[in-house]
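>>> Build me a model:
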Amino acid sequence: MAMKIKIGNKKCIGDGCPPFIIAEAGINHNGDIDIAKKMIEVAKECGADAIKFQTFKADEFIANPDETYTYYSQGKKVVESMFEMFKRYEFPKKQWKEIIAHCKSKNIVFLTTPQNASDLDLILGLTNLSIIKVGADDLTNLILLKYYASKRIPMIISAGMAYASEIEDAVNTIRNVGNDSIIVLHCVSSYPADAEEINLKKMGAIKDSFGVTIGFSDHSIGITASVGAVASGATVIEKHFTLDKNLKGPDHWFSADPQELKELVKSIRFIEKALGSPELIPTTKETDMRKICRRSLVAVRNLKKGLRLTETDIAYKRPGTGIAPKFAPYILGRRLKTNINKNNLILLEHLD
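Residues are numbered from 1 along each chain as shown. This is a model prediction of the structure:
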């Protein structure tokens with residue numbers, strides 16, 4: 001059964017909690033500590049709840065240093081060594097310490113995706129992580145998931161590229177260690193993801209099938225999919241962002257810029273309020289509007305005391321402060337105890 005997961009002293013994730021918005025810095029800091037710190041400041045200014053990085057050592061997760069990676073940057077196709085690319089984006093322990101401290105000083109939750117057990121151990125040696133995030137690339141790395149789950153820290157796992165059986169294996173692996181604080185993010189591992197690939201309905205299937213808290217990791221361009229995800233029940237939104245789409249690197253061009261991130265947060269907070277309550281009653285303002293807009297029984301002409309009312313004696317006009325039209329059958333045939341002028345309300349006290 002899905003549950004609420006506490007994040008620090010003031011935040012929670014789950015049904016009934018405000019959507020938790022993660023500004024995904026990823027590797028968009030370009031390996032520059034100053035850019036990373038600026039991204040922290042911008043994420044906070046835009047209203048994000050957390051900023052997430054990626055912690056890795058290239059030689060621990062890339063086996064072939066000659067393997068190439070193709071991406072688009074600054075409007076051009078780039079082909080380069082995957083190892084060299086990720087090596088550029090590594091931060092040493094000292095700089096992770098600075099990043100964590102800067103997050104604390106700006107009062108924004110620090111998150112990261114540790115690529116390996118050694119990366120998690122490094123970060124846990126520097127701070128108490130609120131959540132461990134696992135990317136879609138490691139959804140099927142059950143040995144790694146088991147180790148992460150053993151830390152008894154809430155886990156977010158992305159379910160990109162996944163079959164239902166793979167999500168089930170991942171969830172069961174985490175639960176079997178005794179960790180039931182699991183958030184599964186529906187994710188499409190295309191960069192960017194097109195509308196017809198997004199399939200937001202998968203979130204409901206994930207929640208119903210595995211009894212987990214759900215969210216959405218948005219790799220589409222723009223903010224529409226994220227807002228739609230919240231309307232569809234997502235409790236976590238993760239969105240790549242950059243300081244400038246024109247910076248060098250594989251992810252900048254499709255990431256949200258600061259203005260888009262700010263608009264994303266604003267739109268999610270709006271839809272959060274707009275979802276409201278399922279209770280079928282008028283709002284406070286509607287209660288007042290009912291009196292103005294609804295119709296009541298009125299005299300169709302000047303009516304004399306003693307008249308027995310017929311359908312030709314009444315009309316249905318605003319305001320709605322009198323007898324509603326649906327009660328007309330119970331009024332017809334009764335006698336007036338007083339004169340009623342044309343267009344005046346016919347009230348119960350006017351009837352015998």
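
>>> Off-centre distance for the helix ranked longest in the chain?
With secondary structure taken from DSSP state H, the chain has its longest helix at helix 258-275. Centroid separation between helix 258-275 and its chain, computed with CA atoms, centre = their mean, to the nearest Å, is 9 Å.

>>> What's the mean pLDDT across stretch 330-348?
Stretch 330-348 shows a mean pLDDT of 98.

>>> Just the residues contacting that stretch, thanks.
296-311, 314-315, 317, 321-323, 349-352 (CB atoms under 8 Å, 6 or more residues apart in numbering). (Glycine included, C-beta is placed from N, CA and C.)

>>> How much space separates A50 from L124?
Note on A50: its distance to L124, by CB to CB, to the nearest Å, is 17 Å.

>>> Which one's more surrounded, these two?
A50 (23 against 14; other CB atoms under 10 Å).

>>> Can you list the low-confidence ranges for the protein?
Along the chain, segments meeting pLDDT under 70 span 1-2.

>>> Cross-check the contact I'm expecting between I27 and D251.
Yes. The pair I27 and D251 passes the contact test of CB atoms under 8 Å, sitting 6.5 Å apart.

>>> gap between G178 and N302?
From G178 across to N302, the span is 81 Å (CB to CB).

>>> show me what contacts the residue located most distally from the centre of the chain?
Here the centre of the chain is the reference, and by CA atoms, centre = their mean the most remote residue is G306, at 64.2 Å. Contacts of G306 were listed using CB under 8 Å, 6+ apart, and they are 335-336.

>>> now do Y316
By CB under 8 Å, 6+ apart, the contact set of Y316 is 295-298, 325, 328.

>>> partner strands of the helix or strand that contains it, parallel or antiparallel?
Using DSSP states H and E, Y316 sits in strand 314-317. Note on strand 314-317: by DSSP bridges, its sheet partners are strand 296-299 (antiparallel).

>>> buried stuff in the strand it pairs with?
296-299 (16 or more other CB atoms under 10 Å).

>>> cool, stretch 239-253 as well?
Across stretch 239-253, burial judged by 16+ other CB under 10 Å covers 239-243, 245, 247, 249-253.

>>> And stretch 304-322, by the same measure?
309, 313-317, 320, 322.

>>> In a markdown table: these, plus distance to G233.
Shown next, in a markdown table, are the buried residues of stretch 304-322 (distance: CB to CB, whole Å):
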| residue | distance to G233 |
| --- | --- |
| L309 | 52 |
| D313 | 53 |
| I314 | 48 |
| A315 | 47 |
| Y316 | 42 |
| K317 | 43 |
| G320 | 36 |
| G322 | 43 |
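
>>> with these in mind, which one is nearest to K262?
Of all the buried residues of stretch 304-322, G320 has the smallest distance to K262: 42.2 Å, by CB to CB.

>>> Wait, a strand at that closest one?
No. Counting by DSSP: H, G, I helix; E, B strand; the rest coil, G320 falls outside a strand, being coil.

>>> From K291, how far out is it?
Taken as CB to CB, the span from G320 to K291 is 5 Å.

>>> ditto for L280
Taking CB to CB, one finds L280 at 19 Å from K291.

>>> And the two? Which one has more around it.
Applying other CB under 10 Å to L280 and K291 shows that K291 carries more neighbours, namely 13 against 5.

>>> distance of that one from E238?
Distance of K291 to E238, given as CB to CB: 46 Å.

>>> do the same with D288
From D288 across to E238, the span is 41 Å (CB to CB).

>>> Of these two, give the one with the bigger neighbour count.
E238 (26 against 11).

>>> isn't there a strand covering the more buried one?
Yes. With three-state DSSP as the criterion, E238 is assigned to a strand.

>>> Surely it touches A225?
No. Counting by CB under 8 Å, A225 is not a contact partner of E238; they are 11.7 Å apart.

>>> Which neighbours do those two have in common?
Common contact partners of E238 and A225 (CB under 8 Å, 6+ apart): 216, 218.

>>> and this protein, what are its domains?
7-275, 284-350 (automatic domain parsing).

>>> Most tightly packed of those domains?
Counting by mean count of other CB atoms under 10 Å, domain 7-275 has the highest mean neighbour count of the domains of the chain, with a mean of 18.

>>> Start and end of it, how far apart?
End-to-end distance for domain 7-275: 23 Å, by CA to CA, to the nearest Å.

>>> what's the spacing between that domain and its chain's center?
Remark: domain 7-275 is offset 13 Å from the chain centroid, using CA atoms, centre = their mean.

>>> same thing with stretch 278-291?
On CA atoms, centre = their mean, the centre of stretch 278-291 falls 27 Å from the chain's centre.

>>> contacts for it?
By CB under 8 Å, 6+ apart, the residues outside stretch 278-291 that reach it are 319-321.

>>> May I see these organised as TSV, with distance to N64 added?
Below are the contacts of stretch 278-291 laid out as TSV (distance: CB to CB, whole Å):
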residue	distance to N64
P319	78
G320	75
T321	79
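
>>> and V236, what are its bridge partners?
F20.

>>> so it touches D218, yeah?
No. Counting by CB under 8 Å, V236 stays clear of D218, with 10.6 Å between them.
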